[in-house]
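Participant: Sequence plus the predicted model coming up.
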Amino acid sequence: MRLYATSSGLAREDRTGMLAILDLPYPDVGALLRGPGIEAARTAPVLREQPIDATILRSPVARPGKVLIVGLNYGSHATEALEMLAALGKSDVTLPKEPNLQVAAGSAVTGPTDPIVLPRVAGDHVDYEAEVAVVIGTVAREVTIDRAWSHVAGLTAVNDVSARDIQRRAMTGDPTASIGVAKSFDTFKPLGPCLVTADEFSETPDLAVRTRVNGTVRQDDRTTGFIHAIPELIAYLSRYQTLEPGDVICTGTPRGAGVFTDSYLRAGDLVEVDIEGIGVLANRVVRA
């Protein structure tokens, strides 16, 4: 099932290209998950149908309680990150054996076609990161790997936009900088365009993950490149905090982010994050 948050309310894609606006009092999927749960959308009465192309789409989860970001979770990206750290004099750094975790603000989430705003304090070093996002459906605390997938409501796409100058300062020991802050600016987490429910995927999905900037492919990989699979991430994260309905886990990005080629985002750029089986985020970059 594909669920959308729209300007007209929650919607289900019963026919390709057409949205069934549901008779439900919840503005987004996150609110639904914190209420009766995902199954309510399967049986909800339909108010009307309208074309997706004629509908304003919102983020499927408007304000996650937590946005948990897993770094270095593709072998391809981990290799290029270690190379960069070595160039910064950190040649003794090795890959962590456990997932690398950062936390971003829920207020950073924005819609699938909303603009990405370059902040004044980091406008020259803003970067894209295409990722598959996991949306938690039911409370998970200290779950086992074999039970972890049962807590997933579905998957969506996310662009884990980052202010690399602030992130670099944090990684080189500057106590005034934080990786979480670098990823928490308003509009830095475009999410959507829909939530595809967990029953549409295996627990270890094989999905293409791509980024295009102004039509040029910058990232192109598959989720089979994960170092830590989704159930492993959920089990690990749930040891340290309770995962709640509507929480979002960003599962990592592959090789090709702009920081490694000094190709940062500029005002006017169109950034497209394309996740196979889910859809495309298309966000224009604008000045503050």
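Facilitator: Yep, that arrived.
Participant: pLDDT weak spots in the chain?
Facilitator: 88, 90-94 (pLDDT under 70).
Participant: got the residue ranges for the helices in it?
Facilitator: Using DSSP state H, the helices of the chain run over 29-34, 40-43, 75-87, 145-148, 164-171, 179-182, 230-237.
Participant: Now distance to E272 and mean neighbour count too, for those helices, in JSON lines please.
Facilitator: Quick note: C-beta positions are derived from backbone N, CA and C, even for glycine. What follows is these, written out as JSON lines (distance: least, Cβ to Cβ, whole Å; neighbours: other Cβ atoms under 10 Å):
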{"stretch": "helix 29-34", "distance to E272": "22", "mean neighbour count": "24"}
{"stretch": "helix 40-43", "distance to E272": "27", "mean neighbour count": "14"}
{"stretch": "helix 75-87", "distance to E272": "19", "mean neighbour count": "15"}
{"stretch": "helix 145-148", "distance to E272": "30", "mean neighbour count": "15"}
{"stretch": "helix 164-171", "distance to E272": "20", "mean neighbour count": "20"}
{"stretch": "helix 179-182", "distance to E272": "22", "mean neighbour count": "21"}
{"stretch": "helix 230-237", "distance to E272": "23", "mean neighbour count": "22"}
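Participant: Tell me which of those sits nearest to E203.
Facilitator: For E203, the closest of the helices of the chain is helix 230-237, at 5.5 Å, according to Cβ to Cβ.
Participant: which residues sit against the closest one?
Facilitator: Residues outside helix 230-237 that contact it (Cβ atoms under 8 Å, 6 or more residues apart in numbering) are 68, 70, 73, 98-99, 101, 134, 136, 140, 143-146, 148-149, 151-152, 203-205, 228, 243, 249, 251.
Participant: Give the buried subset of those residues as a ChimeraX selection command.
Facilitator: Burial among the contacts of helix 230-237 is assessed by 16 or more other Cβ atoms under 10 Å; the matching ChimeraX selection reads:
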select :68,70,73,99,101,134,136,140,143,148,149,151,152,205,228,243,249,251
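Participant: Kindly report the domain assignment for this protein.
Facilitator: For the chain, the structural domains run 2-58, 67-287, going by automatic domain parsing.
Participant: what's near enough to touch D220?
Facilitator: So D220 contacts A208, V209, R210, T211, P254, G256 (Cβ under 8 Å, 6+ apart).
Participant: Go again with 7 Å.
Facilitator: R210 (Cβ atoms under 7 Å, 6 or more residues apart in numbering).
Participant: How about the one 4 residues further on?
Facilitator: For T224, the contacting residues are D206, by Cβ under 7 Å, 6+ apart.
Participant: Repeat the analysis, applying 8 Å as the threshold.
Facilitator: Shown in contact with T224 (Cβ under 8 Å, 6+ apart): T204, D206.
Participant: And for R212?
Facilitator: By Cβ under 8 Å, 6+ apart, the contact set of R212 is R218, V271, E272, D274.
Participant: The first one and G258 touch, don't they?
Facilitator: Yes - using Cβ atoms under 8 Å, R218 is in contact with G258, at 6.9 Å.
Participant: one step back: distance to L118 added to the helices of the chain, as JSON lines?
Facilitator: Shown next, in JSON lines, are these (distance: least, Cβ to Cβ, whole Å):
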{"stretch": "helix 29-34", "distance to L118": "27"}
{"stretch": "helix 40-43", "distance to L118": "36"}
{"stretch": "helix 75-87", "distance to L118": "22"}
{"stretch": "helix 145-148", "distance to L118": "37"}
{"stretch": "helix 164-171", "distance to L118": "12"}
{"stretch": "helix 179-182", "distance to L118": "13"}
{"stretch": "helix 230-237", "distance to L118": "30"}
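Participant: Looking at these, spot the one closest to R63.
Facilitator: helix 29-34 (6.8 Å).
Participant: Can I get the closest one as CSV, trimmed to CA atoms?
Facilitator: What follows is helix 29-34, C-alpha atoms only, in CSV (Å, rounded to 0.1, in the frame of the first residue of the first chain):
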residue,chain,number,x,y,z
VAL,A,29,0.9,9.1,8.2
GLY,A,30,2.8,10.0,11.4
ALA,A,31,-0.4,11.0,13.1
LEU,A,32,-2.1,7.9,11.8
LEU,A,33,0.6,5.7,13.3
ARG,A,34,0.3,7.5,16.7
